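Q: Quick one, what's the 3D model for this:
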Amino acid sequence: MSVTVKCPVCEKKVIWAAESAFRPFCSERCKLIDLGDWAAENHRIPDKLPIDQQLSEEYLAELEQDMLQQDNQFFKD
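A: Got it, this is the predicted structure:
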C-alpha cells in the first residue's frame, strides 16, 4: 500500500516512499521554492506567547550596550 501526499507548493500528488527523493515535494524546484519562502519569512512557526514590548526594548538596549563595550575593548587591545 502506498501513501500519497500533496506537494506543499504545487499540490501535485507525491508517493511517500524512499524512492521519492524530494518528498513531501514533487521536485527539487518545489523544494527550493519552499526553502526560499522560509528564508524570506513568508512561513513562520507561530509564537503563542504575547510579546512584552517594554521587556523587548530593555533587552535590545542591554544587547546594544554589551556590543558597544566589546567593540571598545577590541580597539583598546
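Q: The residue lying closest to residue 22 once chain neighbours are set aside: helix or strand, and which one exactly?
A: Nearest residue to residue 22 in three dimensions, chain neighbours excluded: residue 31, at 5.1 Å (C-beta to C-beta, 6 or more residues apart in numbering). Every C-beta, even on glycine, is put in place using the N, C-alpha and C of the backbone. Following DSSP states H and E, one finds residue 31 within helix 28-39.
Q: Which elements pack onto that helix?
A: Helix 28-39 sits against no helix or strand, with contacts defined as 3 or more C-beta pairs under 8 Å, 6 or more residues apart in numbering; DSSP states H and E.
Q: and residue 14, what is it in contact with?
A: 4-7, 20, 22-26 (C-beta atoms under 8 Å, 6 or more residues apart in numbering).
Q: Ranking helices and strands of this structure by mean pLDDT, which lands last?
A: Ranked by mean pLDDT, DSSP states H and E, the weakest helix or strand in the chain is helix 53-76, scoring a mean of 80.
Q: Which strands and helices lie in contact with it?
A: Of the remaining helices and strands, none touches helix 53-76 by 3+ C-beta pairs under 8 Å, 6+ apart.
Q: could I have it exported to CSV, CA atoms only?
A: The C-alpha coordinates for helix 53-76 follow below in CSV (Å, rounded to 0.1, in the frame of the first residue of the first chain):
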residue,chain,number,x,y,z
GLN,A,53,7.2,45.3,24.3
GLN,A,54,8.9,47.1,27.3
LEU,A,55,10.9,44.0,28.1
SER,A,56,12.0,43.6,24.5
GLU,A,57,13.1,47.2,24.3
GLU,A,58,15.1,46.8,27.5
TYR,A,59,16.7,43.6,26.3
LEU,A,60,17.7,45.2,23.0
ALA,A,61,19.2,48.2,24.8
GLU,A,62,21.2,45.8,27.0
LEU,A,63,22.5,43.9,24.0
GLU,A,64,23.5,47.1,22.3
GLN,A,65,25.4,48.2,25.3
ASP,A,66,27.2,44.9,25.5
MET,A,67,28.2,45.1,21.8
LEU,A,68,29.5,48.6,22.3
GLN,A,69,31.6,47.6,25.2
GLN,A,70,33.0,44.6,23.3
ASP,A,71,33.8,46.9,20.3
ASN,A,72,35.5,49.5,22.6
GLN,A,73,37.5,46.7,24.3
PHE,A,74,38.6,45.4,20.9
PHE,A,75,40.1,48.7,20.0
LYS,A,76,41.9,49.1,23.4
